[in-house]
Structures are given as C-alpha cells and as structure tokens.
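J.: show me the folded form of this:
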Amino acid sequence: MGLLSDVEHQEIEQLINQYPELKAELIAIEEAMESYAKMKAITPPANIEEKILAKAISRTTATVEKKELVSSSKLPARILLFAALVSLAGMFYFYTQQSKYQQQLAANNKAFAELQASYDNLNKTCDQFNRQVAYLRDPANKPIVMNGTAIAPSARAVVHWNPTAKKSFLDALSLPEPPANKQYQLWAIVEGKPTDMGIFDLKAVDEFHLIEIPFIPNAQAFAVTLEDFGGNPKPNLDQLYIIGNV
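T.: Alright, predicted model coming up:
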C-alpha cells in the first residue's frame, strides 16, 4: 500500500504542474539519490519517493495556514522543496551510517578470520607437540646421542630411534649454522657402510619440533656431515661433525 492517499497524490500533481521549478528539483533529487545508491551499492528502500513526499505534505500542513498559501503563490513549492531536502538529508545520513557499519562489520570479520587462522595454527602445533611427547615417552624409544668431532667439539644431536613404532626423529640440539652454500646431511652406518638419510635444514628445528627421518631398522650408528648444497651420494668424512653408536 502506498504512503499517500489519492487526494494527496492529486495535490502533489497539481503543485508539480503549477510550479515547473518544483518538478525539476524533485527530478534532481531522485537522480541524486539513485547515483548515491549506486555509488554505495545500496538498494534504496521501497516507496522512498512517497516517503519524501509524505513528509513534505505533513510538514507543509503542520506549519503553513491556508491564508499563507493563498497570499504567496510560490510559498507551497518552497516549503515542499525544503521538506523534501530535509528528508533527503536524513536519507543520506542513514545511508552513510549504514556504509560505516558495513565497513566495520567487514573489518571485524577480517580480524575474526585472522584470529581463527592463528588458533588453527596453534592447535596444529600443539597436536604435533603432543604426538612427539608421546613418542619420546614410549619405552621402546631409544635416544642415540651423536657427539661432536674434533672440527666441532661442542656440536651435539640426538636420533630418537624406535624399532617398535618403526619411526625415527632427529633433534639437532647444537649444530653450528652452516655456510650459505652448504647443508648438513644425515647418515646411518649399516654393516660398516654409510646410508644416505637426507639433508636437513636447521631452520626447520625449534624447541618444540623434531625432524622426522627415515627409519633404518639395522643401523649400527648415525652421523652428520657438512656437504655441498643439495647433498652428496657419499659422505665427506673430512667434514664429519657428529657421530654416535646405536
């Protein structure tokens, strides 16, 4: 149902027909509101034109007596236009506030998403830490300590070797930072021969994490050498940093 009665519609049409400048102003108001709505991507409320006109008629009849309308032929148009502009200003304020609320909501949603991602990462880290603690507490786990050689006497690392779970983890406790073109490589000594267990990056090790390494069931010892970046098929024994027997 419309906001204006048939009588009010007739009154508006008479005023618009009587005052061309009023019609031009109302058209300008309508175009301005449409442009603003498109700019803010906001759908104008239903019956917005009738709302403005209804407020205009209400303000006109409440503040102007009939004799004043008769005495000045342009007074009704000016009052109606003023009321319409006041209503339009209110609508602009409403749209502006709504836009601010939408922006704040978007910012809150973004902050929540970041917190959720942080929580998920922390939860993942805790799960990994708990699994590693459970592994280290397993009575079948055997820590193989590798001590430093003459070229790195303070270096030290531990291989946590579990023949029951068939898993192994490396804890690189105190290896010096390698040069940019070098990497550490882990070896298992099997029947007196070195078996490549892969290179590893110290940056992947921290106080909460162990590096999972291949499980070698019949290893007699473990050792770490410093090799060219990418590793080598055979160890450079001149760069043997740590070694430990099973």
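J.: break the chain down into its domains, please.
T.: Annotated domains of the chain cover 6-106, 142-245 [automatic domain parsing].
J.: with respect to these, which exhibits the lowest mean confidence?
T.: Mean pLDDT is lowest for domain 6-106 among the domains of the chain, at a mean of 59.
J.: and Ala157, what does it touch?
T.: The neighbours of Ala157, taking Cβ atoms under 8 Å, 6 or more residues apart in numbering as the test, are 145-146, 170-175, 224, 242. In short, each C-beta sits where N, CA and C put it, glycine included.
J.: am I right that it is in a helix?
T.: No: using DSSP: H, G, I helix; E, B strand; the rest coil, the assignment for Ala157 is strand, not a helix.
J.: in the strand or helix carrying Ile242, which of the residues would be classed as buried?
T.: According to DSSP states H and E, Ile242 maps onto strand 240-245. Using 16 or more other Cβ atoms under 10 Å as the test for burial, strand 240-245 gives 240-244.
J.: closest one of the residues you listed to Ala140?
T.: Closest approach to Ala140 among the buried residues of strand 240-245 (Cβ to Cβ): Gly244, at 18.5 Å.
J.: identify the bridge partners of the nearest residue to the closest one once chain neighbours are set aside.
T.: Of all residues not flanking Gly244 in the chain, Met146 sits nearest, at 3.6 Å (Cβ to Cβ, 6 or more residues apart in numbering). With DSSP bridges as the criterion, Met146 is bridged to Ala157.
J.: who touches Met146 in this structure?
T.: 156-159, 222-224, 242-244.
J.: how much space separates it from Leu170?
T.: Distance of Met146 to Leu170, given as Cβ to Cβ, to the nearest Å: 9 Å.
J.: list residues touching both of those two?
T.: Common neighbours of Met146 and Leu170 (criterion: Cβ under 8 Å, 6+ apart): 157-159.
J.: which one of those residues is nearest to Ile199?
T.: Relative to Ile199, the closest of those is Ala157; by Cβ to Cβ it sits at 13.9 Å.
J.: follow-up on the earlier one: for the strand holding Ile242, packing partners?
T.: strand 142-148, strand 156-162, strand 221-228 (3 or more Cβ pairs under 8 Å, 6 or more residues apart in numbering; DSSP states H and E).
J.: would TSV of those with distance to Gln102 be doable?
T.: Shown next, in TSV, are the helices and strands packed on strand 240-245 (distance: least, Cβ to Cβ, whole Å):
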stretch	distance to Gln102
strand 142-148	58
strand 156-162	54
strand 221-228	57
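J.: which among those is found nearest to Asp201?
T.: Closest approach to Asp201 among the helices and strands packed on strand 240-245 is made by strand 221-228 (12.8 Å; Cβ to Cβ).
J.: identify the residues contacting the closest one?
T.: 144, 146, 157, 159, 175, 178, 181-189, 194, 197, 199, 235-237, 239-246.
J.: give me the buried subset of the residues you listed.
T.: For the contacts of strand 221-228, a burial check counting by 16+ other Cβ under 10 Å picks out 144, 146, 157, 159, 175, 178, 183-189, 194, 197, 199, 235, 239-244.
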